[in-house]
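Participant: prediction below, plus the sequence it came from.
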Amino acid sequence: MSGKRATTAPALLCPNSLFKPVLLLKTAKLNNMIAKRTLRLVIAALLLGSSIGSFASSHREAPLIANDPLADNTDVYAFRSPDDPNTVTIIANYIPAELPHGGPNYYTFGENIRYEVHIDNDATRPGDEIIYRFTFTRNNEDPTTFFNIRLGKINIRTTYTMERSIDGGASFQTLVQDGIVPPTNIGPRSIESGVGLGTTYESLITDAITTTSTGEKVFCGPADDPFFVDLGGIFDLGDSPRSGEPARDGVGQLNVHTIAIQVPISTLLKEGAAASPTSILDPDYVIGVWASASRRSMRTLQTNGSAPVEEGEWIQVSRLGMPLTNEAVIPIGMKDYWNSITPYEEITDDLLDKFFYNPELGLYMDDDLFGGAVPAFSALRIQRNSLQAFDFGNGNDGLFPLKGSDAVAGTALDDAVFGTLLLPGPGKPRSVDLWPIFHTGAPNVIPYQLATGKEGNPLAAGKPFIHNFLPNGGDMLRLNMAVPVTDRNNGDFSSLGLIQAAVLGLTDPRFNTTTDLEFIPNMDGFPNGRRLEDDVTRIELQAVSGAVLAAVGLWYDDYTAGDANPVTQDLVDVLTYTTGVEVNDKAFKTSFPYVATPWSGTETGN
């Protein structure tokens, strides 16, 4: 390799002091956590008995939330706005699998629910720094008809109040009062005709976009579900891609309700951060994003048919950060529990870590275990003998045999650098890749640099790649806001996000002849934040099958040390794996709120 070689750990190394607040939080909260969890489980049982689901998120992935869809998170997105890169767009979606023709009582945001978007921007202070809170009010303008829209009037007309806290929730300022929520896109007679609203649905979307006095742009309303996945195949015991029939987008032609906020980067920056980043991997520009919904703890049904009385403290009933965590990592017996705690409470809890150290999906990507039972995953095989030395199969030791050795001195795997987080013990092979992807983000520290320039040693300095390290909480989307936007019209743009960025950094002559820090297209893609276009199902399956390990030089078993080309057949198989559903069913908008127009109740699709 030509070009300048790094001889020491990069300047963006995160000091061990970043973990001090985490460790202090663990000590201070441990006893309180036990009491809180007991209370939550009691409340969960009471709510379940009264047919109100609780503690869940994503697309109907946990048992309790199935009874409370209005409070159910489906997805969270965070990305630098492609047409306004001085801002970050955060999208939190709720209400899964909305049928566009689901009348006469159409879907809308729920009353007596707090919908919140949480932002963490400072690893030295545990907890949220910024919270956006939304509450909704519904009104029937013409209760004499069974139609939802008639003669210019809207039943279930919904408005919202938007509040913001910049002190971690201690106080809130109202930014929007009586914000407009567009009605359901029922059909052309209801929306466009003279006996309906006499307008267009695009006009309703435009009219609902609000700019606050503090600079945020906001939209709340129905949208096409931007997630795309073959749900039927995936959950049919991993039949994805399907055998014998074409794949089908399981959320195609279905809608959700979107809360979209476009926020100036200057608003999201940690206190004391420079107005301009020091580099594209400036650690001061890293934020963590998650969303939640909360309900009152008590609900009393009325015998006269009037609305229930809801009172008591607010209880979180849904949360979401990284996609598919609770769907495909946490087993069914722990899903409701996962949703009962916040990301910050996760760091005091070791009950859930084991599902990342030894992911169930890994069982089906290993021929020595149950790989043969899931033929659709035949292209996805984990390294069992990487570099003829390291076994990342479930229950094996991965890189743990190197713990305390000179080989890891000064790297992220050194206890003196990041404590025991990344090599916590034997039998936890994925503590070095899957666990940090979901719980801390990636530091720009050896070994988390591309294998370019490492000359076969994964623990050598390589090409700096990503720094979205925020070790202050559990499951969140982590985004480095300093990383430039990849133009959606650029030929390099890819829905494979960081997977494709790594491929370019390893194989493309524009980037693989130097170990200098460079912007590689799609470095702004999942899991460095999440763009609407990112194929997160495919990316996460590739990650479980060891793609991240390969990117840093822990090649697949069919690579022999000294080979000039590490792009072996096993690696090609992983990179070319597809579920068969790779794009959304509708094109996304090129400007805020970016989500596609919701499907109409009379639309037939393709």
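Facilitator: Arrived safely, thanks for sending.
Participant: does Ala291 lie in a helix or a strand, and which?
Facilitator: According to DSSP states H and E, Ala291 maps onto strand 286-300.
Participant: after that strand, next one along is what?
Facilitator: Downstream of strand 286-300, the first helix or strand assigned by DSSP H and E is strand 309-320.
Participant: who are the packing partners of that following strand?
Facilitator: Under the contact definition 3 or more CB pairs under 8 Å, 6 or more residues apart in numbering; DSSP states H and E, strand 309-320 sits against helix 20-49, strand 73-81, strand 286-300, helix 335-339. Placement of C-beta: from N, CA and C, glycine included.
Participant: please repeat the previous calculation with a cut-off of 7 Å.
Facilitator: strand 73-81, strand 286-300 (3 or more CB pairs under 7 Å, 6 or more residues apart in numbering; DSSP states H and E).
Participant: dump these into TSV; add distance to Ile91 as well.
Facilitator: Shown next, in TSV, are the helices and strands packed on strand 309-320 (distance: least, CB to CB, whole Å):
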stretch	distance to Ile91
strand 73-81	4
strand 286-300	9
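Participant: tell me which of these sits most buried.
Facilitator: Burial of these is given as mean neighbour count (mean count of other CB atoms under 10 Å); strand 73-81 ranks first at a mean of 26.
Participant: please compute how far it lies from its chain's middle.
Facilitator: Computed by CA atoms, centre = their mean, to the nearest Å, the chain-centroid distance of strand 73-81 equals 7 Å.
Participant: try stretch 362-380
Facilitator: The chain centre lies 25 Å from the centre of stretch 362-380; the measure is CA atoms, centre = their mean.
Participant: can you list contacts of stretch 124-132?
Facilitator: Residues from elsewhere that reach stretch 124-132 (CB atoms under 7 Å, 6 or more residues apart in numbering): 18, 21-22, 25, 116-122, 162, 164-166, 168-169, 261, 268, 344, 472.
Participant: now find how far off-centre stretch 122-137 is within its chain.
Facilitator: Centre-to-centre, stretch 122-137 and its host chain are 16 Å apart (CA atoms, centre = their mean).
Participant: then stretch 114-125?
Facilitator: For stretch 114-125, the distance to the chain centre is 14 Å (CA atoms, centre = their mean).
Participant: quick revisit: which one of the helices and strands packed on strand 309-320 lies nearest to Asn255?
Facilitator: Among these, the nearest to Asn255 by CB to CB is strand 73-81 (10.4 Å).
Participant: residue contacts, the spatially most central residue of the chain?
Facilitator: Of all residues in the chain, the one closest to the mean position by CA atoms, centre = their mean is Met322, 2.7 Å from it. The contact partners of Met322, by CB under 7 Å, 6+ apart, come to 438, 475, 477.
Participant: so which of the residues you listed comes closest to Val552?
Facilitator: Within the contacts of Met322, the smallest distance to Val552 is 17.2 Å, found for Phe438 (CB to CB).
Participant: the closest one: neighbour count?
Facilitator: 24 (other CB atoms under 10 Å).
Participant: wait, a strand at it?
Facilitator: No. With DSSP: H, G, I helix; E, B strand; the rest coil as the criterion, Phe438 is helix rather than part of a strand.
Participant: so it makes contact with Phe356?
Facilitator: Yes. Assessed by CB atoms under 7 Å, Phe438 is found in contact with Phe356 at 6.0 Å.
Participant: quick one, what contacts the residue in the chain sticking out farthest from the centre?
Facilitator: For the chain, the largest distance from the centre (CA atoms, centre = their mean) belongs to Thr144, which lies 43.1 Å off. Applying CB under 7 Å, 6+ apart, we find Thr144 in contact with no residue.
Participant: give me that answer again for 10 Å
Facilitator: Residues in contact with Thr144 (CB atoms under 10 Å, 6 or more residues apart in numbering) are 150, 153, 155.
Participant: now do Ser294
Facilitator: Applying CB under 10 Å, 6+ apart, the residues near Ser294 are 71, 112-116, 133, 313-319.
Participant: same thing but at 6 Å, please
Facilitator: 114, 314-316 (CB atoms under 6 Å, 6 or more residues apart in numbering).
Participant: could you dump those to CSV with pLDDT?
Facilitator: Listed next are these as CSV, based on pLDDT from 0 to 100:
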residue, pLDDT
Arg114, 97
Trp314, 94
Ile315, 92
Gln316, 90
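Participant: of all the residues you listed, which two lie farthest apart?
Facilitator: Using CB to CB, these reach their maximum pairwise distance at Arg114 and Ile315, which is 9.9 Å.
Participant: mind listing the helices for the stretch 251-400 of the chain?
Facilitator: Per DSSP state H, counting those that start in this stretch, the stretch 251-400 of the chain carries helices over the ranges 265-268, 325-328, 335-339, 343-346, 354-357, 360-363.
Participant: count the neighbours of the residue nearest to Ala123 when sequence neighbours are not counted for me.
Facilitator: Distances taken as CB to CB, 6 or more residues apart in numbering place Asn472 nearest to Ala123, at 4.4 Å, with adjacent residues excluded. As a burial measure, Asn472 scores 28 neighbours (other CB under 10 Å).
Participant: same check, this time on Gly102
Facilitator: For Gly102, the count of nearby residues is 15 (other CB under 10 Å).
Participant: re the thing from before, nearest to Pro464 among the contacts of Thr144?
Facilitator: For those, the nearest to Pro464 is Asn155 (56.0 Å; CB to CB).
Participant: wait, the closest one touches Asn140, no?
Facilitator: Yes. Taking CB atoms under 6 Å as the definition, Asn155 is a contact partner of Asn140 at 4.5 Å.
Participant: show me what contacts Val176?
Facilitator: Under the criterion of CB under 6 Å, 6+ apart, the contact list for Val176 reads 162, 210.
Participant: let's see 7 Å
Facilitator: Counting by CB under 7 Å, 6+ apart, Val176 touches 160-162, 210, 212, 218.
Participant: in CSV: the helices of the stretch 251-400 of the chain, plus mean pLDDT.
Facilitator: Listed next are these as CSV, based on pLDDT from 0 to 100:
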stretch, mean pLDDT
helix 265-268, 98
helix 325-328, 81
helix 335-339, 81
helix 343-346, 88
helix 354-357, 94
helix 360-363, 95
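Participant: show me the one of the ones you listed that comes nearest Asn304.
Facilitator: When the helices of the stretch 251-400 of the chain are compared by CB to CB, helix 335-339 sits nearest Asn304, at 32.5 Å.
Participant: give me the beta-bridge partners of Thr87?
Facilitator: Bridge pairing for Thr87 (DSSP bridges) gives the partners Pro264.
Participant: wait, isn't it in contact with Ser266?
Facilitator: No. Contact criterion CB under 7 Å: Thr87 and Ser266 do not qualify, at 9.3 Å.
Participant: among those two, which residue is more densely surrounded?
Facilitator: In terms of neighbours (other CB under 10 Å), Thr87 is the more surrounded of Thr87 and Ser266; the figures are 22 against 11.
Participant: distance of the more buried one relative to Ser81?
Facilitator: Distance from Thr87 to Ser81, counting by CB to CB, to the nearest Å: 5 Å.
Participant: joint contacts of those two?
Facilitator: Common contact partners of Thr87 and Ser81 (CB under 7 Å, 6+ apart): Gln262.
Participant: bridge partners for Gly288, pull those for me.
Facilitator: Beta-bridge partners for Gly288, by DSSP bridges, are Asp120, Arg478.
Participant: roughly how far apart are Val195 and Gly110?
Facilitator: When distance is defined by CB to CB, Val195 is 29 Å away from Gly110.
Participant: settle it for me: which of these two has more neighbours?
Facilitator: Between Val195 and Gly110, counting by other CB under 10 Å, Gly110 is the more crowded of the two (21 against 12).
Participant: circling back: mind putting the helices and strands packed on strand 309-320 into JSON lines with mean pLDDT and distance to Gly179?
Facilitator: Formatted as JSON lines, the helices and strands packed on strand 309-320 follow (pLDDT from 0 to 100; distance: least, CB to CB, whole Å):
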{"stretch": "strand 73-81", "mean pLDDT": "97", "distance to Gly179": "20"}
{"stretch": "strand 286-300", "mean pLDDT": "95", "distance to Gly179": "18"}
